[in-house]
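Chemist: Just a sequence and a predicted model for now, questions to come.
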Amino acid sequence: MVATPEAETRLGPASVRPGTPLLEALNLTEGAKGLEALLTQGRQVEATLRADGRVHVMQVRALTLEQGARRLGWVVLLGAETETEGTEGGTEETFHGMWTRDPGMKRLFRIVEKVARTESSVLVRGESGTGKELVANALHAISTRRKGPFRAINCAALPPSLLESELFGHVRGAFTGAVRDSPGHFRLADGGTLFLDEVAEIPLELQGKLLRVLETRTIIPVGGRSPVPVNVRIVAATHRPLRREVEAGRFRADLMYRLRVVPLFLPSLRDRRGDILPLARRFLDELQQHGPRHVERFSPGARRLLESHGWPGNVRELRNVMEYAYVIGEGPVLHEADLPPEFSEPHPPRAAAPTARQSPPQELPSAEGKEHNPEELRAALARAGGNRTEAARQLGISRVTLWRRLRAAGETGKQ
Ligand SMILES: Nc1ncnc2c1ncn2[C@@H]1O[C@H](COP(=O)(O)OP(=O)(O)OP(=O)(O)O)[C@@H](O)[C@H]1O
């Protein structure tokens, strides 16, 4: 057998003696099953090789040398590895649990630092899983209210009747089941920050009451008479462009102006693709601190798929996908086959929109187009055997977002 010096480095001199079977010569560490058949068909195969104590992921192609019907041997072509993930790009920054290399995200962090020192209302807009709650947390942690409570309430997760009493509290006997007084989130957040997630989902009638609370800085518990003073800073979030909700008559303009004194926009993950692989690597590092598998690197195929995916569930989806791949796969290389099934579907319905890179600027309805249609929601639920947590995981959205979308699609009902 003749090997180029480069191939000897890759394969090691011991394995390139004449007569060495192909797979042995390649010193494949994993996934060898089926490879030989592919190689003998002349197909290019992504393979993992171990040489010099290191793991290499290479594109391998074997061509048979034949004389008539007689096979003389092989020519094995090894494609060079591509670069490793996460080493290129700008300087990284971690800001209150948010990691990025993206200049836009870093600018946002600087604004958060400034706004945190004020009492201004902040409205965070971004798709599901982009880190809106982390931003709210950061605003609280930097502010002078940091010693006070931080409370979060998801306005989409509660039916309107319950939402009012969750926000403003109720007095005993206010409604059936109100067996004792309840303070509500505003009072529980007194002296601190209240995060109103999915604020656009608050029904119009309650919007009026919320506006009154923000203007008078007092609440009236459900069933109560006298106003109770509260000292709360509001950070609100939504995945919808509020202006459009106002235009559509679903949201009060006066409340919008009251809430979005400082609007912040969190870019989706597909609009900061440079963050995908390094973030994926970080999630893997976290997983392997407690898990049995040690992943040294991603295969080029896996890298390609991760980078081109549409990420409708953003960073949350990425973390879930990494967890899946970590658990499903084996060995030191994370392969494309380790990724969840939707990555191998020929045209995943929610994959990267062709226009993803030219994503619209602030205040345009970037999130709207990515919503799952009712069939996709139903299909995910069916695949998950009706388990909403699992269906949400598959769709890369939170359980609450799934619930909200089901509700919007008229598929509501039982929680
Ligand atoms: N830049 C980031 N770096 C590291 N982790 C992140 C980042 N952004 C988000 N995450 C993680 O992604 C998950 C979702 O974040 P978060 O709950 O803040 O998103 P959200 O926009 O509020 O989502 P939703 O609208 O669905 O409630 C969290 O586990 C968070 O830790």
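Modeler: Structure's in. What do you need? Numbers count the residues shown, from 1 in each chain.

Chemist: I'd like to know how far the closest residue to the ligand within the stretch 301-415 of the chain sits from Leu167.
Modeler: Using CB to the nearest ligand atom, the single residue of the stretch 301-415 of the chain nearest to the ligand is Val315, 3.5 Å away. (Each C-beta comes from the backbone N, C-alpha and C, glycine too.) Distance, Val315 to Leu167, by CB to CB, to the nearest Å: 28 Å.

Chemist: of all the residues in the chain, which ones are close to the ligand?
Modeler: 97-100, 126, 128-134, 197, 239, 315-316, 319, 398, 401 (CB under 6 Å from any ligand atom).

Chemist: mind listing which of those residues are in helices?
Modeler: Those of the residues of the chain next to the ligand mapping onto helices are 132-134, 315-316, 319, 401, per DSSP state H.

Chemist: what's the nearest residue to Arg151 if we skip its chain neighbours?
Modeler: Ala189 (4.2 Å; CB to CB, 6 or more residues apart in numbering).

Chemist: scratch that, Glu113 is what I was asking about
Modeler: Leaving aside its chain neighbours, Glu113 sits nearest to Ile142 (6.2 Å; criterion: CB to CB, 6+ apart).

Chemist: thinking the one you found is in contact with Ala116, fair?
Modeler: Yes - checked against CB atoms under 8 Å, the pair Ile142 and Ala116 is within contact range at 3.7 Å.

Chemist: Name the nearest residue to Phe291, sequence neighbours excluded.
Modeler: If you look again at residue 291, you'll see it is Gly, not Phe. Of all residues not flanking Gly291 in the chain, Tyr326 sits nearest, at 6.4 Å (CB to CB, 6+ apart).

Chemist: ugh, wrong one, Leu266
Modeler: Of all residues not flanking Leu266 in the chain, Gly126 sits nearest, at 3.1 Å (CB to CB, 6+ apart).

Chemist: Next, count neighbours for the one you found.
Modeler: Residues near Gly126, counting by other CB atoms under 10 Å, number 21.

Chemist: same question, Thr40
Modeler: Neighbour count for Thr40, taken as other CB under 10 Å: 14.

Chemist: Next, the contact list for it, please.
Modeler: Contacts for Thr40 (CB atoms under 8 Å, 6 or more residues apart in numbering) come out as 62, 64.

Chemist: Any idea which of the ones in helices among the residues of the chain next to the ligand the model trusts least?
Modeler: Minimum pLDDT across those is recorded for Thr401, with 78.

Chemist: For Ala391, report the pLDDT, please.
Modeler: Looking at Ala391, its pLDDT is 78.

Chemist: Surely it touches Leu402?
Modeler: Yes - taking CB under 8 Å as the definition, Ala391 is a contact partner of Leu402 at 6.2 Å.

Chemist: what sits in contact with each of the two?
Modeler: Common neighbours of Ala391 and Leu402 (CB under 8 Å, 6+ apart) are Leu377.

Chemist: what's near enough to touch Ile276?
Modeler: The contact partners of Ile276, by CB under 8 Å, 6+ apart, come to 269, 306-307, 309, 311, 318.

Chemist: nope, Val179 is what I meant
Modeler: Residues near Val179 by CB under 8 Å, 6+ apart: Arg172.

Chemist: so can I have a markdown table of the ones in helices among the residues of the chain next to the ligand showing neighbour count?
Modeler: As requested, those are exported to a markdown table (neighbours: other CB atoms under 10 Å):
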| residue | neighbour count |
| --- | --- |
| Lys132 | 25 |
| Glu133 | 17 |
| Leu134 | 17 |
| Val315 | 24 |
| Arg316 | 21 |
| Arg319 | 20 |
| Thr401 | 25 |
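
Chemist: sorry, back to before: higher neighbour count, Ile142 and Ala116?
Modeler: With neighbours defined as other CB under 10 Å, Ile142 and Ala116 compare such that Ala116 has more, 21 against 17.

Chemist: Please look at that one and Ser143 and confirm they touch.
Modeler: Yes - when contacts are counted by CB under 8 Å, Ala116 is listed as touching Ser143 (4.6 Å).

Chemist: Which helix or which strand is home to the residue nearest to Gly291?
Modeler: helix 314-328 (DSSP states H and E).

Chemist: For that helix, buried residues please.
Modeler: Neighbour counts over helix 314-328 (16 or more other CB atoms under 10 Å) mark 314-326 as buried.

Chemist: go on, stretch 124-141?
Modeler: Across stretch 124-141, burial judged by 16+ other CB under 10 Å covers 124-140.

Chemist: again with stretch 169-176
Modeler: Those would be 169-171, 174, for stretch 169-176 by 16+ other CB under 10 Å.

Chemist: ditto for stretch 225-236
Modeler: Residues of stretch 225-236 classed as buried by neighbour count (16+ other CB under 10 Å): 228, 230, 232-236.

Chemist: With stretch 326-339 instead?
Modeler: Buried residues in stretch 326-339, counted by 16+ other CB under 10 Å: 326, 329, 331-336, 338-339.

Chemist: Out of these, which sit inside strands?
Modeler: Judged by DSSP state E, the buried residues of stretch 326-339 include 333-334 as members of strands.

Chemist: of all the buried residues of stretch 326-339, which two lie farthest apart?
Modeler: Farthest pair in the buried residues of stretch 326-339 (CB to CB) is Pro332 and Leu339. Separation: 16.5 Å.

Chemist: so where's the stretch 251-400 of the chain shaky on pLDDT?
Modeler: Applying pLDDT under 70 to the stretch 251-400 of the chain flags residues 345-371, 382-386.

Chemist: now Gly274: how far from the ligand?
Modeler: According to CB to the nearest ligand atom, to the nearest Å, Gly274 stands 12 Å off from the ligand.

Chemist: Any idea what Thr193 is bridged to?
Modeler: Beta-bridge pairing for Thr193 (DSSP bridges): Phe150, Arg233.

Chemist: Next: Val262.
Modeler: Val122.

Chemist: ok, it - how many residues close by?
Modeler: Neighbours of Val262 under the rule other CB under 10 Å: 17.

Chemist: what does Thr389 give?
Modeler: Applying other CB under 10 Å, we find 11 residues neighbouring Thr389.
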